[in-house]
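Engineer: Below are the sequence and a predicted model for it; my questions follow.
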Amino acid sequence: MRIEVRPEVCVGAGQCVLTAGRFFDQGEDDGLVVLRRTEPGPAETAEVREAADRCPAGAITLREP
């Protein structure tokens, strides 16, 4: 799985950071999503899927290989 984010769509709700802080952060100036890691390991995929599902703006996309 590969994680992609679209900061231009993000509303800064921070649900991704609360759910999967190892993968997502928020910009200091604008609060928009920042991707920290692009590929979760097998044990981390559920966490990343939950973060994507909780994003109110749909700014997180998960690509399967």
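Structural biologist: That came in fine, so what should we check first? Numbering: from 1, shown residues only.
Engineer: Please tell me the pLDDT value assigned to P65.
Structural biologist: Looking at P65, its pLDDT is 83.
Engineer: Which residue ranges of the chain form strands?
Structural biologist: Under the criterion DSSP state E, the chain contains strands at 2-5, 24-26, 33-35, 60-63.
Engineer: how about the third one: buried residues?
Structural biologist: Translated: strand 33-35. By neighbour count with 16 or more other C-beta atoms under 10 Å, strand 33-35 contains the buried residues V33, V34. C-beta coordinates here come from the backbone N, C-alpha and C atoms, glycine included.
Engineer: Strand partners (parallel or antiparallel) of that strand?
Structural biologist: strand 24-26 (antiparallel) (DSSP bridges).
Engineer: picking up where we left off before, columns distance to V11 on top of the strands of the chain, output as JSON lines?
Structural biologist: Converted to JSON lines, these look like this (distance: least, C-beta to C-beta, whole Å):
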{"stretch": "strand 2-5", "distance to V11": "13"}
{"stretch": "strand 24-26", "distance to V11": "11"}
{"stretch": "strand 33-35", "distance to V11": "9"}
{"stretch": "strand 60-63", "distance to V11": "12"}
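Engineer: Ok, which of the ones you listed comes nearest E44?
Structural biologist: E44 lies closest to strand 2-5 among those, at 10.2 Å (C-beta to C-beta).
Engineer: Mind giving me the packing neighbours of that closest one?
Structural biologist: Judged by 3 or more C-beta pairs under 8 Å, 6 or more residues apart in numbering; DSSP states H and E, the packing partners of strand 2-5 are strand 33-35, strand 60-63.
Engineer: got the CA coordinates for the last one in PDB?
Structural biologist: Backbone C-alpha positions of strand 60-63 (Å, rounded to 0.1, in the frame of the first residue of the first chain) are rendered in PDB as follows:
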ATOM      1  CA  ILE A  60      -5.900  10.800   2.000                       C
ATOM      2  CA  THR A  61      -5.800   8.200  -0.800                       C
ATOM      3  CA  LEU A  62      -4.500   4.700  -0.300                       C
ATOM      4  CA  ARG A  63      -3.100   3.000  -3.400                       C
END
